[in-house]
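**Student:** Kindly return the folded structure for what I paste below:
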Amino acid sequence: MGFHVVYVAGGEIDKVKYVNEIKNFAQLSQPYNKMTMINIPAIAGVYDLDYISPNENMELLAITVTCSGYGENDYYNLWVNDELWFDTWFPTEVKEGLYIGTSTYVYKLAPESKFKMKFVNISGTAKKLWLGVRMLRNPTKQEVIEAPILDVNIPAIPVSEITSAEMAPIQ
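**Tutor:** Model prediction:
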């Protein structure tokens, strides 16, 4: 048993001549994923977690946020290149993927793009906060493959008060 397929030339498929004409279609192919973290002490306050992407053009797929031991009223704001992307965002019990892109859409990042998170520890409980950034880059090969030992016991420094210029009020 068989079937025939008929294609009428000049239809919608013919309008897409080149993949790179599709807006924000991924052009880079090598995954690059980076995660950073801070230890937040059992002191109420605002804690900063910053990350700067590598000095090359990248395409952003997703941001992940994980927080252990959070209180129900704790929240964060997240800026990318000084633009507020997540305003008064409450952490969840599991790692949360904040998807920016998909397999067919990415957000283009300039070299050394800045990610800035301000975590508001209202509960005053100790916790760990992880910020992960999932990106694509041009293919590269590393000549030396190493895994440095990180000192993860450096405490964050609390901010004495929340300023309205830095944080959105809780509603």
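
**Student:** continuing past whichever strand or helix holds residue 36, what's the next helix or strand?
**Tutor:** Assigned by DSSP states H and E, residue 36 falls within strand 30-40. Next helix or strand after strand 30-40 toward the C-terminus (DSSP H and E): strand 45-52.

**Student:** Report the beta-bridge partner residues of residue 128.
**Tutor:** residue 39 (DSSP bridges).

**Student:** I figured it hits residue 35, correct?
**Tutor:** No: judged on C-beta atoms under 8 Å, residue 128 makes no contact with residue 35 at a distance of 11.5 Å. For the C-beta atoms, the positions are set from N, CA and C on the backbone; glycine is no exception.

**Student:** Just the element for the residue nearest to residue 48 when sequence neighbours are not counted, please.
**Tutor:** Nearest non-adjacent residue to residue 48, counting by C-beta to C-beta, 6 or more residues apart in numbering: residue 118, 5.9 Å away. Here residue 118 is covered by strand 114-121, with elements defined by DSSP H and E.

**Student:** which residues make contact with that strand from outside it?
**Tutor:** Applying C-beta atoms under 8 Å, 6 or more residues apart in numbering, the external contacts of strand 114-121 come out as 40, 43-53, 63, 65, 67, 71, 74-82, 127, 129, 131, 133, 158, 162, 166-167.

**Student:** Which of these are buried, as a PyMOL select command?
**Tutor:** Command for PyMOL that selects the buried part of the contacts of strand 114-121, burial taken from 16 or more other C-beta atoms under 10 Å:
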select buried, resi 40+45+46+47+49+51+53+63+65+67+71+74+75+76+77+78+79+80+127+129+131+133+162+167
